[in-house]
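**Q** pasting the sequence and the predicted coordinates here, then a few questions.
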There are 2 protein chains.
Amino acid sequence: MLELAILGLLHESPMHGYELRKQLTTKLGAFRFAISYGSLYPTLRRLQAGGWITEGAPAGMPASTEEVPLLTGKRGRVVYTITAEGKERFQELLSAAGPETYDSEAGFGVHFAFFARTDPSTRLRILEGRRRRVEERREGMRDVLSRAAERLDSYTLELQRHGLDACEREVRWLEELIANERNGTTPQPPSAQDPERPS
Amino acid sequence: MLELAILGLLHESPMHGYELRKQLTTKLGAFRFAISYGSLYPTLRRLQAGGWITEGAPAGMPASTEEVPLLTGKRGRVVYTITAEGKERFQELLSAAGPETYDSEAGFGVHFAFFARTDPSTRLRILEGRRRRVEERREGMRDVLSRAAERLDSYTLELQRHGLDACEREVRWLEELIANERNGTTPQPPSAQDPERPS
DNA sequence: CGTTCGATGTATCGGACCGATACATCGGCC
DNA sequence: GGCCGATGTATCGGTCCGATACATCGAACG
């Protein structure tokens, strides 16, 4: 999970840990996702050990000297850069849409955040898997509400109602997204792209 | 967290692990909370070590022989019972509304599920703390959406919008609950109670 | 000029919790 | 008679969190 998220962010540009964490909590944090250093740094070391990222600025020193706030030299301040193997690994993890992708909020959120770089069939698979999962939770709560309405105190009841409402909302949201995917109405990244390209 | 949940359920009636897990995922599961045996059994042992629960049916064998499906003897099938110290501990954990109560979905959900047994001032404190937390997340996402609307691809954008919507909804829900608490319109458990009690 | 303070930054440790797995019993169904 | 799914107890490795420590830097204040 974290591996995918980190590789995805480093794929856009090299970064040091602090910045990485900020991006993780803002860009991917929407779907309940906050990462602590206690998992960030170990994961970075794991990625390094696997050869998917390297410590220090890339050898070629790419054009973006301004992007990395140019203090790389002083002290501490380790900049991580994704490797070619890392980019492969990223694509591999992107298409691997196992149950952990649907089950956890965080897992789905991370995958979804990288949809722009995910191929359409995988996108559809993930959205449908997620919908199935949420529908199951929804059914569970409906059962509780209908069967046990008198056996629960009103707070527990209210909690179930709120949860049910949230589930129904999410299913509707997913349905909309799925419909868009099928129509090819998929919104594209704001790069220069022919709007009336037919195929 | 888990300790509180388990004590709360055992407070209602003795139970064995399997049943405990089922209750945990249904009654408290609404707010995204699912427990695995990998955490359930260790926690039970911890509670036992602390003297808050005991293994085996209570000495006095209370009236509810039917509630525990009477197969207690055969083999395996360990029934856990809360002790007097456990009930104290439960009340203690109930009123302890630290940051972990507001931060995590699960934490808040568990506390909320036991509101019927929480004193009113603590209820209010928890609801307001939670609201504050969700408002912060909401503001963060609003910032992202307004400041970076052009720098994010449309999927990330959609994720933010969905998250923002969910936050706004939750804040409204909490606001309603808070208002109810202040009015004393607190819904009571379905015991016989005067419906037109004015104060 | 010093110093205090908050933002930036790297890092570790103990513990909570998850997911997979193993295994045993029981009732019902073919 | 044998198989299967629900019930039931339990452990192990691994992921991730929360708290904590510590170091640097620029700005603000006296």
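**A** Received the coordinates, thanks.

**Q** strands of chain A, residue ranges please.
**A** For chain A, the strands defined by DSSP state E cover A:15-16, A:53-55, A:79-82.

**Q** report whether the shortest one contacts chain B.
**A** No. Strand A:15-16 lies out of reach of chain B by CB under 8 Å from any CB of the partner chain, never closer than 15.5 Å. All C-beta atoms are positioned from the backbone trio N, CA, C, and that covers glycine.

**Q** ok, that strand near DNA strand D or not?
**A** No. Strand A:15-16 lies out of reach of DNA strand D by CB under 7 Å from any atom of the strand, never closer than 12.5 Å.

**Q** pLDDT on that strand, on average?
**A** Average pLDDT, strand A:15-16: 92.

**Q** what do you get for the second one?
**A** Looking at strand A:53-55 alone, the average pLDDT works out to 92.

**Q** contacting residues around that strand?
**A** A:6-7, A:10, A:44, A:47-48, A:78-83, A:86 (CB atoms under 8 Å, 6 or more residues apart in numbering or on different chains).

**Q** which strand residues bridge the residue lying closest to residue A:47 once chain neighbours are set aside?
**A** Nearest in space to residue A:47, with sequence neighbours left out and distances taken as CB to CB, 6 or more residues apart in numbering or on different chains, is residue A:53 at 4.6 Å. Bridge pairing for residue A:53 (DSSP bridges) gives the partners residue A:82.

**Q** what is the burial count for residue A:53?
**A** 23 (other CB atoms under 10 Å in any protein chain shown).

**Q** and the gap between it and residue B:23?
**A** 44 Å (CB to CB, to the nearest Å).

**Q** quick check: which ranges of chain A have low pLDDT?
**A** Scanning chain A for pLDDT under 70 picks out A:32, A:57-76, A:148-150, A:185-199.

**Q** chain B contacts on that one?
**A** So chain A meets chain B at A:26-27, A:29-32, A:105, A:109, A:112-116, A:137, A:140-141, A:144, A:150, A:152-156, A:158-160, A:162-166, A:169, A:173, A:177, A:187-190 (CB under 8 Å from any CB).

**Q** PyMOL command to pick out the buried ones of these?
**A** Selection command for PyMOL covering only the buried members of the residues of chain A next to chain B, criterion 16 or more other CB atoms under 10 Å in any protein chain shown:
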select buried, chain A and resi 27+29+30+31+32+109+112+113+114+115+116+137+140+141+144+152+153+155+156+158+159+160+162+163+164+166+173+177
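
**Q** where do the helices of chain A begin and end?
**A** A:2-12, A:17-27, A:37-49, A:84-95, A:99-103, A:105-113, A:120-147, A:154-183 (DSSP state H).

**Q** most packed of these?
**A** helix A:105-113 (a mean of 23; mean count of other CB atoms under 10 Å in any protein chain shown).

**Q** next one: it to chain centre, how far?
**A** Chain-centre distance of helix A:105-113: 3 Å, with CA atoms, centre = their mean, to the nearest Å.

**Q** ok, now which ones touch residue A:43?
**A** Here residue A:43 is in contact with A:2-3, A:6 (CB under 8 Å, 6+ apart).
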